[in-house]
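K.L.:
I would like the atomic coordinates for the input below:
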Amino acid sequence: MKRSLNALVFVAALAMLISWTVWAGAQMAKPQEITVTGTVLKDGRLQDEQGQAYTLVHDENTLQLMNHVGEKVEIQGTVEEGRQGQKTIKIEVFGLVTT
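P.N.:
Residues are numbered from 1 along each chain as shown. Predicted structure coming up:
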């Protein structure tokens, strides 16, 4: 009887853990629309004015953006955050910022 109760508690706890993990993963996976201003880095990233670096999704927009390494740009796109806090942005549109 005690063994059955222990097994039932274990299964219930495991089910709750799996449910929470799936829910948390779904929350993290939603890309968010963003507008960010920063400097294009030669390693294929953008660094904003607060020092946050964004990895750029490699596509046609990024290839065009890489012609502006070292320049200040404004990017509109969608951003996703990885498990370790790294942010990746898919560029929808960008423009040069003039000072």
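K.L.:
Going by C-alpha atoms from here, please, whenever you check contacts or count neighbours.
P.N.:
Will do.
K.L.:
moving C-terminal of the helix-or-strand element of the chain with minimal mean pLDDT, what's the next helix or strand?
P.N.:
Across the helices and strands of the chain, the lowest-confidence element by mean pLDDT, DSSP states H and E is helix 2-28, at a mean of 66. With elements assigned by DSSP states H and E, the helix or strand that comes after helix 2-28 is strand 32-40.
K.L.:
Pairing partners for the helix or strand that that following strand is followed by, with directions?
P.N.:
Helices and strands here follow DSSP H and E; after strand 32-40, the next one along the chain is strand 45-48. Here strand 45-48 is paired, per DSSP bridges, with strand 32-40 (antiparallel), strand 53-56 (antiparallel).
K.L.:
Number of residues surrounding the residue nearest to Thr35 when sequence neighbours are not counted?
P.N.:
With sequence-adjacent residues excluded and distances taken as C-alpha to C-alpha, 6 or more residues apart in numbering, Thr35 is closest to Gln76, at 4.4 Å. Applying other C-alpha atoms under 10 Å, we find 17 residues neighbouring Gln76.
K.L.:
The one 4 residues further on too?
P.N.:
If you count neighbours by other C-alpha under 10 Å, Glu80 ends up with 19.
K.L.:
Name the residues that touch the helix or strand containing it?
P.N.:
Assigned by DSSP H and E, Glu80 belongs to strand 72-81. With C-alpha atoms under 8 Å, 6 or more residues apart in numbering as the test, strand 72-81 has contacts from 28-40, 87-98.
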